[in-house]
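1. what's the 3D shape of this:
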Amino acid sequence: MNALLPRRLLPANLVVAAAVAGLALADLARAGVHVLAPAAAMVAAGGAVAGTRRGALVAVCLLVLLAGWWWGSHRLRTLDRSPLAAEIDRAGRARLEITGEARHGLYALRLPARIRAFDGDPVDERVELQLPLGRAPPQGSLVDALVVVRAPAGPSNGFDERTWLRRQGVHVVLHVDDWRVVGRRGGLGGLSDRLRRWLQRASAPGLDGERRAIVEGVLLGDDDALSPSLKDAFRRAGLYHLLAVSGENVVLLAGGVLGLAWLLGIARGVAHLLALAAIGGYVLAAGPQPSVVRAAVSGAAVSIAWLASRERGTWHVLGLAAVLLLAWNPYLLFDAGFQLSFAAVAAIFLLARPLALRLEGYPMPAGLRASVAVSAACALVTAPLLWLQFDQVPLLGVVANAAAEPAMPALLALAFGAAALDPVAPPLAAALAWLNGWVALYVAACARAVAAVPFAQATGRGAILAVAGMLLLAAYACRRWRTS
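-> Numbers count the residues shown, from 1 in each chain. Next comes the predicted model:
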């Protein structure tokens with residue numbers, strides 16, 4: 001713990017923690033300037049009277065907490081505002097900007113979008129589109145459509161769509177009867193669309209079907225192209241996290257840019273700036289998912305720390321990523337992706353190294369020992385969240401990750417390599433993609449093999465009992481059969 005929390009970084013960590021606490025507090029109670037301004041003035045006066053370094057630090061933390069509480073309350077009021085709520089059950093023509101790719105359901109397609117006009121009146125609000133199965137407008141397109149404004153569905157079968165959408169700033173669902181593409185969006189959104197299309201095309205030239213779907217899922221965090229049976233296999237095996245952009249993606253991308261710059265003789269400072277640009281482009285292509293932003297902030301911190309000649313604090317960087325995400329949307333605190341992403345990283349910081357040390361006596365390679373330690377740490381910490389969010393816990397995730405994780409650096413490196421070579425050497429890019437297809441099939445085989453075990457996943461109360469039993473068995477095995 002002392003290595004993870006250097007003493008001289010503690011004040012910065014406390015300030016960041018105060019900002020996170022203030023933003024999270026807004027989810028419990030909203031506060032306005034008329035309440036927080038007098039409190040801030042009292043805190044500032046108390047800090048000045050104290051006249052000590054510790055008193056100043058406490059005052060700064062309290063002021064940051066109050067500022068985070070105010071900003072979080074302001075953001076929540078903005079997210080809860082819905083001009084279209086007054087138009088429920090009304091039909092009209094809408095001008096829409098498609099902001100994401102279609103998600104296929106059993107009976108309909110769903111797309112995230114922003115509405116720019118409704119019946120000729122300007123509107124700017126996030127919405128969800130619902131279309132019949134079949135064709136859907138592509139991400140980034142501007143669409144003219146005939147829609148019916150509906151309220152999201154309430155709780156049903158354990159899922160509350162209305163609350164889930166509200167936490168994303170979406171308050172209405174537009175049922176689309178007829179639509180046509182009238183243009184494409186520009187600006188930063190347009191750049192994001194072009195980067196995503198390029199990465200989808202260039203990272204897997206010549207691949208199709210399941211192999212392409214897995215490469216895109218790992219590279220961009222998009223699982224919609226995977227078959228329902230394969231998605232279920234990834235969930236049961238405890239490998240679904242592979243389909244979310246992680247720090248490993250960002251590390252390989254930044255490392256590849258720095259390595260290429262070194263080969264070309266580019267100055268190290270310029271190389272780190274290029275790495276930051278590559279990370280920014282990757283975030284635009286993959287989309288602002290919690291795991292993407294967290295990984296990007298962590299990866300960018302390495303280059304920024306080098307450029308500023310400062311030491312990078314792991315907990316400080318993790319806290320900054322949480323502040324950035326919660327400042328944009330404090331409701332993310334309830335999001336399963338946010339919770340699992342940050343809990344897994346915290347588990348790695350706290351538990352992975354002690355577990356790896358406990359495994360040193362076992363006859364296994366160092367790489368496998370590290371993979372098992374990381375997987376076990378993440379499984380232990382995320383199991384209660386998986387049970388609370390999804391009522392299920394994978395029991396063989398450590399085994400599945402030990403088998404599949406060694407293939408992930410190769411899959412990502414081949415995908416990034418193919419994307420880099422596609423503009424200048426298409427045949428070589430296609431060869432890398434062909435090889436990557438076999439790596440993707442291996443990952444799928446790992447998921448299916450583990451998922452086929454009858455007790456691969458537990459649900460309900462049995463999940464917690466099973467996890468407790470596994471932990472007791474692991475503790476006994478570590479004590480009884482550890483060899484020298």
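
2. Secondary structure of Ile266: a strand, I assume?
-> No. Assigned with DSSP: H, G, I helix; E, B strand; the rest coil, Ile266 falls outside any strand and is coil.

3. hang on, it packs against His272?
-> No. With contact defined as C-beta atoms under 8 Å, Ile266 does not count as touching His272 (10.1 Å). (C-beta placed from N, C-alpha, C; glycine too.)

4. Look at the two and report which has more neighbours.
-> Between Ile266 and His272, counting by other C-beta atoms under 10 Å, His272 is the more crowded of the two (21 against 15).

5. so after the strand or helix carrying that one, what's the next helix or strand?
-> His272 is located in helix 268-286, with elements delineated by DSSP states H and E. Toward the C-terminal end, the helix or strand that comes next after helix 268-286 (DSSP H and E) is helix 290-307.

6. Sort out which residues of that next one are buried, please.
-> 290-303, 306 (16 or more other C-beta atoms under 10 Å).

7. that older thread, which secondary structure elements does the helix holding His272 contact?
-> helix 187-202, helix 209-220, helix 247-263, helix 290-307 (3 or more C-beta pairs under 8 Å, 6 or more residues apart in numbering; DSSP states H and E).

8. and the ones you listed, which one's lowest on average pLDDT?
-> The weakest mean pLDDT among the helices and strands packed on helix 268-286 belongs to helix 290-307, with a mean of 73.

9. if we look at that one, which residues are touching it?
-> With contact meaning C-beta atoms under 8 Å, 6 or more residues apart in numbering, helix 290-307 is reached by 221, 244-247, 249-251, 253-254, 268-269, 272-273, 275-276, 279-280, 282-283, 286, 311-312, 317-318, 320-322, 324-325, 332, 335, 337-338, 341-342, 345.

10. one step back: dump the helices and strands packed on helix 268-286 into a markdown table; add distance to Arg54 as well.
-> A markdown table is the format used below for these (distance: least, C-beta to C-beta, whole Å):
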| stretch | distance to Arg54 |
| --- | --- |
| helix 187-202 | 43 |
| helix 209-220 | 47 |
| helix 247-263 | 34 |
| helix 290-307 | 27 |
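
11. pLDDT wise, what is the nearest residue to Arg196 once chain neighbours are set aside at?
-> In this structure, Arg196 finds its nearest non-sequential neighbour in Ala285, 4.5 Å apart by C-beta to C-beta, 6 or more residues apart in numbering. Listed pLDDT for Ala285 reads 87.

12. who's in contact with Ala285?
-> Ala285 neighbours (C-beta under 8 Å, 6+ apart): 192, 195-196, 198-199, 220.

13. ditto for Arg369
-> 356, 359-360, 362 are the contacts of Arg369 under C-beta under 8 Å, 6+ apart.

14. which among those residues end up buried?
-> Buried among these by 16+ other C-beta under 10 Å: 356, 359.

15. okay if I get the contacts of Arg369 as JSON lines plus secondary structure, distance to Gly187 and pLDDT?
-> Below are the contacts of Arg369 laid out as JSON lines (DSSP: H, G, I helix; E, B strand; the rest coil; distance: C-beta to C-beta, whole Å; pLDDT from 0 to 100):
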{"residue": "Ala356", "secondary structure": "helix", "distance to Gly187": "46", "pLDDT": "81"}
{"residue": "Leu359", "secondary structure": "coil", "distance to Gly187": "50", "pLDDT": "78"}
{"residue": "Glu360", "secondary structure": "coil", "distance to Gly187": "53", "pLDDT": "77"}
{"residue": "Tyr362", "secondary structure": "coil", "distance to Gly187": "54", "pLDDT": "73"}
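
16. how about the residue nearest to Tyr107 when sequence neighbours are not counted, what does it touch?
-> Leaving aside its sequence neighbours, Tyr107 sits nearest to Leu133 (C-beta to C-beta, 6+ apart; 6.9 Å). Leu133 makes contacts with 104, 107-109, as judged by C-beta under 8 Å, 6+ apart.

17. what do you get if the cut-off is 10 Å, keeping everything else the same?
-> 102, 104-109 (C-beta atoms under 10 Å, 6 or more residues apart in numbering).

18. ok, of these, which one's closest to Asn401?
-> His104 (27.7 Å; C-beta to C-beta).

19. which residue packs closest to the closest one, ignoring adjacent ones?
-> Asp224 (6.1 Å).

20. Verify the stated contact: Trp262 with Ala271.
-> Yes. In terms of C-beta atoms under 10 Å, Trp262 counts as a neighbour of Ala271; the distance is 6.9 Å.

21. Looking at these two, which has the bigger crowd around it?
-> Ala271 (20 against 11).

22. Quick one: neighbours of Met122, just the number.
-> If you look again at residue 122, you'll see it is Pro, not Met. 10.

23. quick one: contacts for it?
-> Pro122 touches 83, 95, 115-116, counting by C-beta under 10 Å, 6+ apart.

24. again, but for Ser141
-> 96-98, 113, 179-185, 193.

25. Leu253 now?
-> 219, 275, 278-279, 281-282, 295-296, 299, 412-413, 416, 419.

26. Check Asp224 too.
-> Asp224 neighbours (C-beta under 10 Å, 6+ apart): 100-104, 213, 216-217, 231.

27. Could you measure from it over to Ala136?
-> 11 Å (C-beta to C-beta, to the nearest Å).

28. Please identify every residue contacting each of these two.
-> With C-beta under 10 Å, 6+ apart, Asp224 and Ala136 have common neighbours 101-104.

29. Please list only the buried members of these.
-> 101-102.

30. Which of the shared contacts of Asp224 and Ala136 fall in strands?
-> The strands, defined by DSSP state E, take in 103-104 from the shared contacts of Asp224 and Ala136.
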